[in-house]
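Asks: how does the following fold in three dimensions:
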Amino acid sequence: MSSLFKAFGEARAQRKVYRTTLNELQALDGRDLADLGISRAEIPFLAREAAYGKK
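Replies: A predicted model of the protein is given here:
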């Protein structure tokens with residue numbers, strides 16, 4: 001049962017990283033994104049990579 005709670009906690013933490021990264025990148029304007037070399041279409045992929053790693 002404790003492994004279930006641990007897995008739930010880890011998944012919750014990963015989801016928080018995803019949401020935070022997504023929100024922060026979406027808040028940037030086009031110029032800031034261009035300076036970083038990021039297009040708006042890439043934001044969900046980058047947030048997913050930050051939270052869950054490359055797959």
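
Asks: confirm for me that Gln26 is in contact with Ile43.
Replies: Yes: Gln26 is in contact with Ile43 according to Cβ atoms under 8 Å; the separation is 6.0 Å. C-beta: built from backbone N, CA, C; applies to glycine.

Asks: tell me the buried residues in the longest helix seen in the chain?
Replies: Looking across the chain with DSSP state H, the single longest helix is helix 2-27. Residues of helix 2-27 classed as buried by neighbour count (16 or more other Cβ atoms under 10 Å): 18, 21-22, 25.

Asks: run the chain-centre distance for stretch 6-17.
Replies: Relative to its chain's centre, stretch 6-17 lies at 12 Å (Cα atoms, centre = their mean, to the nearest Å).

Asks: sorry, back to before: ok, then the element right after the longest helix of the chain?
Replies: Using DSSP states H and E, the helix or strand that follows helix 2-27 in sequence is helix 30-36.

Asks: identify each buried residue in that next one, please.
Replies: For helix 30-36, burial by neighbour count (16+ other Cβ under 10 Å) applies to Leu33.

Asks: what comes up buried for the following helix or strand past that helix?
Replies: As assigned by DSSP H and E, the chain's next helix or strand after helix 30-36 is helix 43-52. By neighbour count with 16+ other Cβ under 10 Å, helix 43-52 contains the buried residues 43, 47-48, 50-51.

Asks: hang on, isn't Gln14 packed against Gly53?
Replies: No: judged on Cβ under 8 Å, Gln14 makes no contact with Gly53 at a distance of 9.3 Å.

Asks: on that earlier part again, averaged pLDDT, the longest helix of the chain. What do you get?
Replies: For helix 2-27, the mean pLDDT works out to 96.

Asks: elements contacting it?
Replies: On a contact count with 3 or more Cβ pairs under 8 Å, 6 or more residues apart in numbering; DSSP states H and E, helix 2-27 meets helix 43-52.

Asks: can I get the CA coordinates of the helix it packs on in PDB?
Replies: What follows is helix 43-52, C-alpha atoms only, in PDB (Å, rounded to 0.1, in the frame of the first residue of the first chain):
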ATOM      1  CA  ILE A  43       5.900  24.400 -25.400                       C
ATOM      2  CA  PRO A  44       3.800  21.200 -24.500                       C
ATOM      3  CA  PHE A  45       6.700  19.000 -25.600                       C
ATOM      4  CA  LEU A  46       9.300  20.900 -23.600                       C
ATOM      5  CA  ALA A  47       7.000  20.800 -20.500                       C
ATOM      6  CA  ARG A  48       6.500  17.100 -20.900                       C
ATOM      7  CA  GLU A  49      10.200  16.500 -21.300                       C
ATOM      8  CA  ALA A  50      10.900  18.600 -18.200                       C
ATOM      9  CA  ALA A  51       8.400  16.700 -16.100                       C
ATOM     10  CA  TYR A  52       8.800  13.100 -17.400                       C
END
